[in-house]
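Chemist: Turn this into a model:
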Amino acid sequence: MEMYNMTIQFNVSNGTMEIPVRCDDYCRKVLAPLYSIVLLGGTAGTIMMFRLLLQRNSQSIITVIVANIIVLHSILLISLPFRLSYYLLLDWKFGWFTCRVISMMIHVHMYLTFVFYVAIIVIRLLIYFKRFPFQELQKLHAIALSVAIWLVGILIFFLIFLFQYGTHMNFPQHQCFQFYEELNHPSVVVMNYCMIGILMVTVLVLSLIQLVVITQLTKTLWPGMFTHQEFRVHINSFFFLLVIVVCFLPHHAFRVFFIQNYFQNKKPDLILYGEICKALTTVCCLDMLCFIGGLVH
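Modeler: Here you go, the predicted structure:
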């Protein structure tokens with residue numbers, strides 16, 4: 001297989017170093033089809049779910065949060081053609097600033113989507129345990145929660161983008177999405193470990209609680225549990241947890257492995273595997289297709 005090899009100079013605080021970067025046919029054979037599927041399926045799902053929400057005109061807090069997830073998916077889907085262009089042509093034509101923006105978009109989408117998923121799950125658990133009176137929930141509360149999440153998220157990511165993300169290196173104009181060298185800086189490593197720890201602990205705790213709730217409801221409502229809305233609601237919440245486990249956890253688990261191994265032996269294969277795990281995070285955009293298709297009610 002013919003390789004597309006290049007050498008990139010990184011300007012870091014302690015000097016300049018050169019390392020080889022490999023981007024071969026695997027970029028086209030793996031990443032391009034994956035992003036294409038997400039783009040097509042995600043676009044179809046978000047459009048159909050948006051139309052469904054408009055038809056129902058629901059005022060519930062969960063509906064408002066789902067609308068936020070649709071907006072996040074839409075923002076990511078707009079950025080995917082830029083990624084597809086690069087992986088198909090192996091040439092970046094949109095400038096370094098745009099490269100940083102498009103590259104960071106995938107992280108903004110992943111973490112804000114995670115927060116909204118968790119918000120849905122936590123609200124439903126609080127309602128189940130009678131800690132959150134459903135009757136007092138109003139659309140205004142959902143909007144206030146959404147605005148708070150967006151403001152905090154945008155502020156955090158703006159500061160990271162301005163002072164940290166892609167600021168330790170200088171790429172040639174025709175290259176993009178090679179930000180793994182950022183993980184060689186202690187502050188970036190600490191930030192990544194914190195995010196990984198928070199995400200994994202949150203998923204573990206919520207999964208255990210959700211499984212306990214589903215088990216209790218199964219015992220109480222057996223054998224007709226699927227006819228009860230409360231049971232279906234918590235199956236729905238478990239679906240969100242499953243999406244997080246399938247789409248987000250591989251990226252974070254591999255990130256730990258990458259930090260601990262890549263900078264010791266500089267294996268280029270780890271870069272490709274990291275990009276695949278990162279691309280997997282975008283598959284969560286297909287969640288709306290699952291709802292529309294009736295896989296999750």
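Chemist: The residue nearest to the spatial centre of the chain - nearest residue in space that isn't next to it in sequence?
Modeler: Nearest to the mean C-alpha position of the chain, by CA atoms, centre = their mean, lies residue 110 at 2.1 Å. Closest residue to residue 110 apart from its sequence neighbours, by CB to CB, 6 or more residues apart in numbering: residue 281 at 4.7 Å. (Each C-beta comes from the backbone N, C-alpha and C, glycine too.)
Chemist: ok, now residue 270?
Modeler: Nearest non-adjacent residue to residue 270, counting by CB to CB, 6+ apart: residue 262, 4.8 Å away.
Chemist: how about the one you found, phi and psi?
Modeler: Per-residue torsions, residue 262: phi -60, psi -50 (degrees, to the nearest 10).
Chemist: contacts for stretch 140-153?
Modeler: The contact list for stretch 140-153, computed with CB atoms under 8 Å, 6 or more residues apart in numbering, reads 60-65, 68, 108, 111-112, 115-116, 119.
Chemist: run the last query once more with 7 Å
Modeler: Residues outside stretch 140-153 that contact it (CB atoms under 7 Å, 6 or more residues apart in numbering) are 61, 64, 65, 68, 112, 115, 116, 119.
Chemist: Point out the other elements, helices or strands, that the longest helix anywhere in the chain touches.
Modeler: Looking across the chain with DSSP state H, the single longest helix is helix 186-221. Using 3 or more CB pairs under 7 Å, 6 or more residues apart in numbering; DSSP states H and E as the contact test, the elements touching helix 186-221 are helix 96-128, helix 229-243, helix 249-265.
Chemist: what distance separates the longest one from the centre of its chain?
Modeler: So the one you mean is helix 96-128. Offset of helix 96-128 from its chain centre (CA atoms, centre = their mean, to the nearest Å): 6 Å.
Chemist: That helix: which residues count as buried?
Modeler: Under the neighbour-count criterion of 16 or more other CB atoms under 10 Å, helix 96-128 has 99-125, 127-128 buried.
Chemist: how big is the angle separating it from helix 186-221?
Modeler: Relative orientation of helix 96-128 with respect to helix 186-221: 30 degrees, computed using axes from the mean of the first three to the mean of the last three CA atoms, to 10 degrees.
Chemist: average model confidence for helix 96-128?
Modeler: Taken as a whole, helix 96-128 has an average pLDDT of 90.
Chemist: Buried by neighbour count: which residues of stretch 241-259 qualify?
Modeler: For stretch 241-259, burial by neighbour count (16+ other CB under 10 Å) applies to 241, 243-244, 247-252, 254-255, 258-259.
Chemist: Now do the same contact list for the closest residue to residue 206 other than its chain neighbours.
Modeler: Spatial nearest neighbour of residue 206, excluding adjacent residues (CB to CB, 6+ apart): residue 121 at 5.6 Å. Residues in contact with residue 121 (CB under 7 Å, 6+ apart) are 206, 210, 237, 240, 241.
Chemist: For residue 87, see how far away residue 29 is.
Modeler: Distance, residue 29 to residue 87, by CB to CB, to the nearest Å: 10 Å.
Chemist: the more surrounded of those two?
Modeler: Legend: neighbour count by other CB atoms under 10 Å for residue 29 and residue 87, higher for residue 87 (24 against 12).
Chemist: close enough to count as contact, that one and residue 31?
Modeler: Yes - using CB atoms under 7 Å, residue 87 is in contact with residue 31, at 4.8 Å.
Chemist: how about the chain, which residue sits the furthest from its center?
Modeler: Outermost residue of the chain (CA atoms, centre = their mean): residue 223, 36.3 Å.
Chemist: can you tell me how far residue 248 sits from residue 199?
Modeler: 7 Å.
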